[in-house]
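Visitor: Just the structure for this:
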Amino acid sequence: MTSFTPAELGRRIGSGLLSFPVTHFHDDLSFDEDTYRRNIVRLGRYDVGGLFAAGGTGEFFSLTPDEVARVVTAAADSAPDDTPILAPAGHGTAAAIEFAAAAERSGADGILLFPPYLTEAGQEGLARHVEAVCRTTSLGVVLYSRANAVYSADTVARLADSCPNLIGYKDGVGDIDTVTRIHARLGERLTSIGGLPTAETYALPYLQLGVATYSSAIFNFLPEFALDFYAAVRELRQADVTRMLSDFVLPYTEIRNRQAGYAVSIVKAGMTATGRTAGPVRPPLTDLTPQEYDELSALIDKLPGATA
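Guide: Purely as a prediction, here's the structure:
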């Protein structure tokens, strides 16, 4: 059973840095559960607002439903009791409802609702999709706006009214106008989460728009750096944020931008470079080239205390 009510979960995830642990694979691309569990224990030692198991960085899109359940169960079993675990729900509406039910059985504390698979839909259809999932789960739900499911401020406000267990809005679009309108209309009703790739790049300006927190993929392999960066953002230490952007984050994004899908691949490469390999990515993603891996390793090596 979850230890957080939806309202409690909303407050909790807005209280600290969020992260999406990678999903560990063996060389044959099967789930490496033992190593994954040990990694969740490691990440759980840090003070974070929550961990999103089998999320985007965790390659939800390449996992079977049974594998998602295994990953979420492993995370829920391995994380400290006071660290929320959020599970994914996605694909079509019927499948998303099944994922949400499986998340409850697996011991998750909440759900991140991904865009529906492939098809495009208008605002009415998207709203019905979210309402259907929220109605069938007791867990708190975070809405993920990106790709083929971009929610308008009006739609988000409607959903906040109709779905008491809708607790968060994760922005994966970067539309400042929409983010501003949502916060102006809803205030603290929803926890706003920055969810663009390498969210550190936008963290400081987003904070000033009312976005309470953000998800850090870098936390997977550089947890101390990620937490130091988060603290600098929260304390409005502009000079420190600029320095860390220049020293690591922006050169890191230059490697990430070389290939579609590298937002995940580069995180797994970072795990290997810091002595905590998580195995390869699954197709359709591809791993960094050896040259790109060496570039990333050199960036990491310049940071104090980066390796295992």
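Visitor: Wasn't Leu118 part of a helix?
Guide: No. Secondary structure of Leu118 (DSSP: H, G, I helix; E, B strand; the rest coil): coil, not part of a helix.
Visitor: tell me the phi and psi of the nearest residue to it once chain neighbours are set aside?
Guide: Leaving aside its sequence neighbours, Leu118 sits nearest to Asn148 (CB to CB, 6 or more residues apart in numbering; 7.3 Å). C-beta coordinates here come from the backbone N, C-alpha and C atoms, glycine included. Note on Asn148: backbone dihedrals following degrees, to the nearest 10 are phi -90, psi 10.
Visitor: right, and Asn148 touches Phe114 too?
Guide: No. Between Asn148 and Phe114 there is no contact under CB atoms under 8 Å: 10.4 Å.
Visitor: For those two, work out which one has more neighbours and name it.
Guide: Higher neighbour count among Asn148 and Phe114: Phe114, with 23 against 12, using other CB atoms under 10 Å.
Visitor: you'd agree that one is up against Leu86?
Guide: No. Phe114 lies out of contact with Leu86 (CB under 8 Å); the separation is 11.6 Å.
Visitor: Look up how far Ile218 lies from Phe52.
Guide: Distance, Phe52 to Ile218, by CB to CB, to the nearest Å: 14 Å.
Visitor: got it, and Asn148?
Guide: 27 Å.
Visitor: that older thread, for Asn148 and Phe114, list the residues in contact with both.
Guide: Taking CB atoms under 8 Å, 6 or more residues apart in numbering as the criterion, Asn148 and Phe114 do not both touch any residue.
Visitor: Can you list the low-confidence ranges for the stretch 201-308 of the chain?
Guide: For the stretch 201-308 of the chain, applying pLDDT under 70 flags the ranges 305-308.
Visitor: so what's Arg146 up against?
Guide: 115, 171-173, 195.
Visitor: Try it again at 7 Å.
Guide: Counting by CB atoms under 7 Å, 6 or more residues apart in numbering, Arg146 makes contact with 115, 172-173.
Visitor: out of those residues, which is most surrounded?
Guide: Pro115 (23 neighbours).
Visitor: Show the pLDDT at Tyr117.
Guide: Predicted confidence (pLDDT) for Tyr117: 88.
Visitor: That one and His91 touch, don't they?
Guide: Yes. Contact criterion CB atoms under 7 Å: Tyr117 and His91 qualify, at 4.4 Å.
Visitor: the more surrounded of the two?
Guide: More crowded of Tyr117 and His91, by other CB under 10 Å: His91, with 18 against 12.
Visitor: Leaving out chain neighbours, which residue sits closest to Leu186?
Guide: Per CB to CB, 6+ apart, closest to Leu186 is Ala160, 5.5 Å.
Visitor: in what helix or strand does that neighbour lie?
Guide: helix 153-162 (DSSP states H and E).
Visitor: Put the alpha carbons of that helix into CSV.
Guide: Output in CSV follows, covering the C-alpha atoms of helix 153-162 (Å, rounded to 0.1, in the frame of the first residue of the first chain):
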residue,chain,number,x,y,z
ALA,A,153,-3.8,25.7,-19.9
ASP,A,154,-7.6,25.5,-20.2
THR,A,155,-7.5,21.7,-20.4
VAL,A,156,-5.1,21.4,-17.4
ALA,A,157,-7.4,23.7,-15.3
ARG,A,158,-10.4,21.5,-16.3
LEU,A,159,-8.6,18.4,-15.3
ALA,A,160,-7.5,19.9,-12.0
ASP,A,161,-11.2,20.5,-11.2
SER,A,162,-12.4,17.1,-12.4
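Visitor: List the buried residues in that helix.
Guide: Using 16 or more other CB atoms under 10 Å as the test for burial, helix 153-162 gives 153, 155-160.
Visitor: which among these gets closest to Tyr252?
Guide: Closest approach to Tyr252 among the buried residues of helix 153-162 (CB to CB): Val156, at 30.8 Å.
Visitor: what is the rounded mean pLDDT of stretch 129-140?
Guide: 98.
Visitor: ok, and for that stretch, which residues are buried?
Guide: Applying 16+ other CB under 10 Å to stretch 129-140 flags 129-131, 133-134, 137, 139-140 as buried.
Visitor: Also stretch 40-51?
Guide: Neighbour counts over stretch 40-51 (16+ other CB under 10 Å) mark 40, 43-44, 46, 48-51 as buried.
Visitor: Can you pick out the most distant pair from these?
Guide: The widest separation within these (CB to CB) is 15.3 Å, between Ile40 and Gly49.
Visitor: Who are the contact partners of the nearest residue to Ala79 once chain neighbours are set aside?
Guide: Once flanking residues are discounted, Ala79 sits nearest to Gly44: 4.5 Å by CB to CB, 6+ apart. With contacts defined as CB under 7 Å, 6+ apart, Gly44 is in contact with 78-80, 83.
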